[in-house]
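**Student:** I need the structure of the sequence given here:
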Amino acid sequence: QVQLQESGPGLVQPSQTLSLTCTVTNGSITMNRYYWSWIRQAPGKGLEWMGTISYDGVTYVNTFLESRTSVSRDTDKNHFTLQLTSVTPEDTAMYYCANGYRFFGSWGQGTQVTVSS
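**Tutor:** Model (predicted):
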């Protein structure tokens, strides 16, 4: 079973860009028909899907976040990344990476990101 681990800064200043990395082990991010996603959960709110990158590099992004969100990958390092620009305190959340698209299998443990000056 694939395993995922998020990494990135725990604190980001408003208006800056948040960058998170998800490292995948026990499997390749290029495995046929595998999808890799970012999901977040703000305090007191439900899960929010942010974006996905497919095994062949196609990306899908939540339309509500599209102007600020990008998902990319590094196949040599077997990881995929999330970039969220112009962050505000409303972007404070637990950020998760997961295997899948719409339906998710393995999840990372999550990383807390706080947007504050």
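
**Student:** Now do the helix or strand of the chain with the lowest mean pLDDT: which elements does it pack against?
**Tutor:** Ranked by mean pLDDT, DSSP states H and E, the helix or strand of the chain with the weakest confidence is strand 103-107, at a mean of 94. With contacts taken as 3 or more Cβ pairs under 8 Å, 6 or more residues apart in numbering; DSSP states H and E, strand 103-107 sits against strand 3-7, strand 93-101. Glycine gets a C-beta too; all of them are placed from N, C-alpha and C.

**Student:** Out of the ones you listed, indicate the one that is most buried.
**Tutor:** For the helices and strands packed on strand 103-107, the largest average neighbour count (mean count of other Cβ atoms under 10 Å) is found in strand 93-101, namely a mean of 21.

**Student:** So which other helices or strands are in contact with that strand?
**Tutor:** Secondary-structure packing of strand 93-101 (3+ Cβ pairs under 8 Å, 6+ apart): strand 3-7, strand 18-25, strand 35-41, strand 47-54, strand 79-84, strand 103-107, strand 111-115.

**Student:** and with 7 Å instead?
**Tutor:** strand 3-7, strand 35-41, strand 103-107, strand 111-115 (3 or more Cβ pairs under 7 Å, 6 or more residues apart in numbering; DSSP states H and E).

**Student:** Could you identify which of those strands has the lowest mean pLDDT?
**Tutor:** Sorting the helices and strands packed on strand 93-101 by mean pLDDT places strand 103-107 lowest, at a mean of 94.

**Student:** Many thanks, I have nothing further to ask.
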